[in-house]
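Asks: just the structure for this:
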Amino acid sequence: MDFSAEAETPTNAQSAANDTALLSVQEAARFLNVTVSWIYEHVRPEADDQLPVLKLGKYLRFDIRDLRDYVETKRQAARGPRRRR
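Replies: As a prediction, this is how the structure comes out:
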């Protein structure tokens, strides 16, 4: 799966398919630019900052929309309310 911004502009059908894509652990790691071990650490039930994950039998899958929401939540938290000095 190509996540680069330089990819060709998708058609509406391709865009809809990409929006509902389920990613493997390796693809999710590449999408988030983290290691595979980081992904596994963040899908554990006891993780403080748990990633949204679907378990299909023994397979872990990640909805790309959920990962985008996760990143956006992190961005918002990082911006947070600014305090004046």
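Asks: what does the strand or helix carrying Glu41 rub up against?
Replies: Following DSSP states H and E, one finds Glu41 within helix 36-43. With contact meaning C-beta atoms under 8 Å, 6 or more residues apart in numbering, helix 36-43 is reached by 25-26, 28-29, 32, 47, 49-51, 53, 60. All C-beta atoms are positioned from the backbone trio N, CA, C, and that covers glycine.
Asks: of those, which belong to helices?
Replies: 25-26, 28-29, 32 (DSSP state H).
Asks: who wins for most neighbours among those?
Replies: Among these, Ala28 has the most neighbours (other C-beta atoms under 10 Å), with 25 neighbours.
Asks: distance of the residue positioned nearest the centre of the chain from Leu54?
Replies: What sits nearest the mean C-alpha location of the chain, by C-alpha atoms, centre = their mean, is Leu67, with 2.5 Å. Counting by C-beta to C-beta, to the nearest Å, the gap from Leu67 to Leu54 is 11 Å.
Asks: next: Glu41.
Replies: 18 Å.
Asks: cool, Gln26 as well?
Replies: Gln26 is 15 Å from Leu54, by C-beta to C-beta.
Asks: right, and Val71 touches Val34 too?
Replies: No - counting by C-beta atoms under 8 Å, Val71 sits too far from Val34 to count as a contact (11.1 Å).
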